[in-house]
Each structure stands twice: as C-alpha cells, then as structure tokens.
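Asker: what follows is a protein structure lacking sequence information:
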C-alpha cells in the first residue's frame, strides 16, 4: 500500500496532503513543470512539450525507465518475460510482440496500484495516452519513486538485518538439526542400553537387599562382640578375685603349716628350754621384786630422815632430843642416807631407829 510523499523544495514547495480513500493513500498532482524537473533529475530528457503532446512512443520510454527504476528489473527481463504457455499456442510467432506488450502493461498496472492509483494502468494509456491521465500517472509514479528512495536506506538496512537474522536462523536450524540427530542417536543408544540398564537396576536391588541383610548381621555381630567384651571383663574380675583368694589360701596354708608339729623331740626340747627360760625369768622377777621392795624401804627411810633433819634444823635445842635420846646418835641421818642400815637391819642390830612424824 503506497504512502503519500512530501515533495522536495525544488519541486515548487507544494506540500503533500494525505488521507484515506478506499484503503489507498492520495498523492499530489504535480504541474507539468514539476514533472519535467523530476524526470530530468531522474536522467530523462523530457520537456513540457512532450507532456503536452502525449506521444505514445515518447511516453513509452518514460514509463519504461520509471518501471525499471521502481521495480528494480532489467530491460531484458521486461521485454523478454518467461511465458511458459507460449509453445502451446497455435502460431506462436504471432504473439512474440503481444506477450511483451501485455507483460509491460501488467507491470505498469502493478506499479500504479502500488503508487496509489486504484484504477491502475490500461492499454489505452500506452497506445493512445491522455494528458490528464498521463499527468496523474506520472505524478503518482514520481511520488512513489521519491518515497522509494527515502525508504530504500531503511529497506536496505532491514534487508541486511533480515539476512543476518536469516543466517542466524539457518545456523540455529542447522544446530537444531544436529542436536536433533544427536538426540535421536542418544535415544537409540539408550534404547539399546535399556536391557542392560534394567539388569543393572535388578542387580542394584539385589545388592541393596544383600547390603541390608549384611547390615543386620553386622549389628548382631556388634551386639555379640559387646556381650563377649562384657563376659571377658567379668571373667577377668573373677580371675583377679580367684588369684587373690588363692594367695590368701596360700598364706593360710603357710600359717597352718607353721603351726603343725614337725618333730616331737625337738618340740619337747623347745618346751624344756621354754620352761627353763620361764623359771629363769621367774627367778629374775623375784630378785627384781625384792630389790624393788628394798629400794622402796630405803626411799621411805631417806624421806623420813630428810624430814627429821629439816625439822631439827628449824627446832631449837639439841639434836639428840629430836632423834630420841643419847643413843640416838648411833643412828644418824647421814648413816641412813649412806644406806648402811635399813629399818630391818637396824632392828636386827638392836639400834634404836626413830621414825619422824610427818
């Protein structure tokens, strides 16, 4: 669908007014001078007189040049179309000129419809052109040509981008095909390995069951080992107790054996020796007791004499009065202290012995 083109300032400054009419865009109807200027800019040698006369042979060259520029076709392709049904016609040589002319008319009609002329192009516009229709046709084609030139850069840019995207799409498609082939091969490989995989799964299940059984067996063995350790510890405790009991029994046996009489004669000899030693000990104890009694008597005498001496020293008068008479001088404290007499020996000798009252 064609879009209205705003003419350049060199075309007289006419602005383009566009509105929709029957789904087509309108275009400005140019003056003959503007048309001539635009055609000259496109490389066509056209004058206003050519447009005013509207000669068919002159306009055919103008239409041909504009058609080649706008549709981007070559002159050979335009005059030698590929008409595949020509051989089927009778007297095909009669149509050698009519077929290119028909193709030219159809190409011009396509161009004018694209430029916004809904009525299109007819044979009359080529054979017997009209000045008004020619001006309309050329205005539409020039507007379309200007529009095409402005949009051509965008089109080329989009074409390059499209080619890049198409190349990327082709590359992605190739990669997709390669991946699809690889996926198919992988699926085939997996399908071929499926029996082996099922066998491995069954084996894994069996191994899992066996492992569970072995784990239970290991748990039982650990429990038995723990019980065995406890039994060994108890046996060691009993062994220690038995060793201690054996040592104690050995000590008791040794003590009993020590008390057991070996040789009766030697025992009698030892008993006789013990009895003799006992008698000696008794004699020694008797002598010791006698000496103890004598020592006690001497101690009492000395104590009493000491008291009498102290008393005489503190009492006025003669010492003989204190000691009990004239004969008392025969028994002095010095003699008593020297241990020459005892009370018993003094009485046996008839010497008076005076006791000091405390």
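Answerer: Now that the structure is in, tell me what you want to look at. Everything numeric in this text was worked out from a predicted model, so none of it was measured. Residues are numbered from 1 along each chain as shown.
Asker: residue 166: neighbouring residues, count only.
Answerer: Here the number of neighbours of residue 166 (other CB atoms under 10 Å) works out to 10. For glycine as for every other residue, the C-beta is placed from the backbone atoms N, C-alpha and C.
Asker: and the one 3 residues further on, by the same measure?
Answerer: Residue 169 is flanked by 12 other residues according to other CB under 10 Å.
Asker: give me the element it is part of.
Answerer: helix 131-259 (DSSP states H and E).
Asker: which strands and helices lie in contact with the helix or strand just after that helix?
Answerer: The element immediately downstream of helix 131-259 (helix or strand, assigned by DSSP H and E) is helix 264-314. When contacts are defined as 3 or more CB pairs under 8 Å, 6 or more residues apart in numbering; DSSP states H and E, helix 264-314 packs onto helix 319-323, helix 333-338, helix 343-349.
Asker: show me where pLDDT drops low in this protein?
Answerer: When residues are selected by pLDDT under 70, those of the chain lie in 1-26, 77-97, 260-263, 316-358.
Asker: now with 80, please.
Answerer: Segments of the chain classed as low confidence (criterion: pLDDT under 80) are 1-28, 71-101, 103, 118-120, 125, 256-267, 313-358.
Asker: can you list the domains in it?
Answerer: Following automatic domain parsing, one gets these domains for the chain: 9-178, 278-349.
Asker: ok so, going back, tell me the gap between the helix holding residue 169 and the middle of its chain.
Answerer: On the basis of CA atoms, centre = their mean, to the nearest Å, helix 131-259 is displaced by 16 Å from the centre of the chain it belongs to.
Asker: from the contact counts, what lies against it?
Answerer: Using 3+ CB pairs under 8 Å, 6+ apart as the contact test, the elements touching helix 131-259 are helix 32-41, helix 48-53, helix 56-71, helix 98-115, helix 123-127.
Asker: how about 6 Å then?
Answerer: With contacts taken as 3 or more CB pairs under 6 Å, 6 or more residues apart in numbering; DSSP states H and E, helix 131-259 sits against helix 98-115.
Asker: list the buried residues of the helix it packs on.
Answerer: Of the residues in helix 98-115, those scored as buried under the neighbour-count criterion (16 or more other CB atoms under 10 Å) are 99, 103-105, 107-109, 111-115.
Asker: quick check, nearest of those to residue 278?
Answerer: Nearest to residue 278 among the buried residues of helix 98-115, counting by CB to CB, is residue 114 at 164.6 Å.
Asker: how close does the closest one get to residue 101?
Answerer: According to CB to CB, to the nearest Å, residue 114 and residue 101 sit 21 Å apart.
Asker: can you check residue 186 too?
Answerer: Counting by CB to CB, the gap from residue 186 to residue 101 is 62 Å.
Asker: and for residue 280?
Answerer: Look at residue 280 and residue 101: by CB to CB, they are 183 Å apart.
Asker: what does residue 271 give?
Answerer: Applying CB to CB, one obtains 177 Å for the distance of residue 271 from residue 101.
Asker: quick one on the thing from earlier: now, among the buried residues of helix 98-115, which is nearest to residue 201?
Answerer: Nearest to residue 201 among these, counting by CB to CB, is residue 114 at 68.7 Å.
Asker: quick check, residue 117 in a strand?
Answerer: No - applying DSSP: H, G, I helix; E, B strand; the rest coil, one finds residue 117 to be coil, outside a strand.
Asker: neighbouring contacts of stretch 118-136?
Answerer: With CB atoms under 6 Å, 6 or more residues apart in numbering as the contact definition, stretch 118-136 has outside contacts at 24, 54, 56, 59, 105, 108-109, 112-113.
Asker: buried stuff in it?
Answerer: Residues of stretch 118-136 classed as buried by neighbour count (16+ other CB under 10 Å): 121, 125-126, 129, 133-136.
Asker: follow-up on the earlier one: which two among the contacts of stretch 118-136 are spaced furthest apart?
Answerer: When CB to CB is used, the two most widely separated members of those are 24 and 56, lying 27.1 Å apart.
Asker: so for these two, which residue has more residues nearby?
Answerer: The residue with more neighbours, out of residue 24 and residue 56 and counting by other CB under 10 Å, is residue 24; that gives 15 against 11.
Asker: would you mind measuring from residue 188 to residue 201?
Answerer: With CB to CB as the criterion, residue 188 and residue 201 are 20 Å apart.
Asker: ditto for residue 222
Answerer: For residue 222, the distance to residue 201 equals 31 Å [CB to CB].
Asker: do residue 221 as well
Answerer: Taking CB to CB as the measure, residue 221 falls 30 Å from residue 201.
Asker: equivalent analysis for residue 167, please.
Answerer: Relative to residue 201, and taking CB to CB, residue 167 is found at 46 Å.
Asker: count of neighbours near residue 64?
Answerer: Residues contacting residue 64 under the criterion other CB under 10 Å number 16.
Asker: and for residue 280?
Answerer: Other residues lying near residue 280 total 10 when counted by other CB under 10 Å.
Asker: over to residue 155?
Answerer: Residue 155 has 12 neighbouring residues, counting by other CB under 10 Å.
Asker: how far away is it from residue 148?
Answerer: Between residue 155 and residue 148 the distance, using CB to CB, works out to 8 Å.
Asker: and what of residue 122?
Answerer: Relative to residue 148, residue 122 is positioned 23 Å away (CB to CB).
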